[in-house]
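Undergrad: Just need the structure, nothing else, for what follows:
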Amino acid sequence: MTAISVSHLTKRYKDTLALDDVSLSLDENVIYGLLGRNGAGKTTLMSILTAQNFATRGEVRVFGKDPYENAGVLSRICFVRESQKYPEDALPTHAFEMARLFFPNWSQELADDLVAAFQLPLKTRIKKLSRGQLSAVGVIIGLASRAEITFFDEPYLGLDAVARQIFYDRLLEDYAEHPRTVILSSHLIDEVSNLIERVVVIDRGRILLNEETDAVRGRAATIVGDAATVDAFVAGREVLHRESLGRVTGVTVLGELTAADRARLDADGLEIAPVSLQQLVVRLTQHASASADTDSATEGALR
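TA: Have a look, this model is predicted:
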């Protein structure tokens, strides 16, 4: 079942095109990784999907309905923002009490368990909390809400490695018992790669990729060896990245390697280096940006 559908979504801020004709479908009960560089359009997309921002053009449907001013839809969505604001004198307990009133699936038991796990001081005003403790407040609300669609926009900021692992572990544990759609925006791509079931990559306001994580992992490989031999092998293939050291060259190519490819590599004495999800996302983004810049330059020269 489709949880979210977006058709020809465009968002413009004066001279900045934040989203460029985005069409996208997100299914129910899947953990998505929304990945891309700063300014790619991730937060803008999430804010429009949660009715906290307005599109310049296009259509958004959540559970088949327009989310704007629709309490029946919005009560089923939780958006944990990196820049979430709270009342001046609010304590963490106040934030959790408000969340409990708003989200019908709220689990106080899970919230209490997470407070203990994150060692969150409940009697300290939110504005006095450390950056990591403030992030913990958002993570607790996002998980304990058990909302049917939950957005996490860079939820790990300020959390140390132990706290981030607590978040990842508890997310998977609770998701297994209470499935829902989770959209996780993160720069720590390799760290969350084992969490996410589908990868959505956005760059310059456009969707570059929306595929199952396991399928994405095999989409590229780095060929390493003698420069001339590597160049002969990659001729005619789509090259994402190239780097050299002396006569040794490593070239990252897009596309799965066939059995015949692997036999040729072995015969030529070339090695295959795996490409991590983070490397693939970075290379795809760089490649798309370079292509866009080339197209822009060509259009400018033709005018």
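Undergrad: and V182, backbone torsions?
TA: phi -120, psi 130 (degrees, to the nearest 10).
Undergrad: no wait, S5
TA: Main-chain torsions, S5, degrees, to the nearest 10: phi -130, psi 140.
Undergrad: for D203, same thing?
TA: The phi/psi pair for D203 (degrees, to the nearest 10) reads phi -150, psi 130.
Undergrad: Check the contact between it and N38; I expect there is one.
TA: No: proximity of D203 to N38 does not meet the contact threshold set by C-beta atoms under 8 Å, at 11.0 Å. C-betas here are computed from N, CA, C, even on glycine.
Undergrad: which of these two has more neighbours?
TA: The neighbour comparison of D203 against N38 (other C-beta atoms under 10 Å) goes to D203, with 23 against 8.
Undergrad: need the contact list for that one.
TA: Going by C-beta atoms under 8 Å, 6 or more residues apart in numbering, D203 touches G36, R37, A40, G41, L284, T285, A288, S289.
Undergrad: Find the nearest non-adjacent residue to the fourth one, please.
TA: Read it as G41. G205 (4.3 Å; C-beta to C-beta, 6 or more residues apart in numbering).
Undergrad: Tell me the spacing between the residue of the chain most remote from its centre and D190.
TA: Largest separation from the mean C-alpha position in the chain: A267, at 39.2 Å (C-alpha atoms, centre = their mean). The gap separating A267 from D190 is 32 Å, by C-beta to C-beta, to the nearest Å.
Undergrad: Same question for T56.
TA: T56 is 34 Å from D190, by C-beta to C-beta.
Undergrad: cool, and I202?
TA: From I202 across to D190, the span is 18 Å (C-beta to C-beta).
Undergrad: out of the two, which sits in the busier spot?
TA: Relative neighbour count places I202 above the other of I202 and D190, with 25 against 12, counting by other C-beta under 10 Å.
Undergrad: how about that one, what does it touch?
TA: If you count contacts by C-beta under 8 Å, 6+ apart, then I202 has V22, L34, L35, G36, A40, G41, K42, L45, L208 around it.
Undergrad: I figured R198 hits N29, correct?
TA: No: between R198 and N29 there is no contact under C-beta under 8 Å: 11.4 Å.
Undergrad: where does the chain have low pLDDT?
TA: Residues of the chain meeting the criterion pLDDT under 70: 290-303.
Undergrad: just the strands in it please.
TA: Assigned by DSSP state E, the chain shows strands spanning 2-13, 16-27, 31-35, 57-62, 77-80, 149-153, 181-185, 198-203, 206-212, 220-226, 238-245, 248-254, 271-273.
Undergrad: Now render these as JSON lines, adding distance to R125.
TA: Listed next are the strands of the chain as JSON lines, based on distance: least, C-beta to C-beta, whole Å:
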{"stretch": "strand 2-13", "distance to R125": "33"}
{"stretch": "strand 16-27", "distance to R125": "34"}
{"stretch": "strand 31-35", "distance to R125": "31"}
{"stretch": "strand 57-62", "distance to R125": "34"}
{"stretch": "strand 77-80", "distance to R125": "20"}
{"stretch": "strand 149-153", "distance to R125": "23"}
{"stretch": "strand 181-185", "distance to R125": "27"}
{"stretch": "strand 198-203", "distance to R125": "36"}
{"stretch": "strand 206-212", "distance to R125": "40"}
{"stretch": "strand 220-226", "distance to R125": "48"}
{"stretch": "strand 238-245", "distance to R125": "48"}
{"stretch": "strand 248-254", "distance to R125": "49"}
{"stretch": "strand 271-273", "distance to R125": "50"}
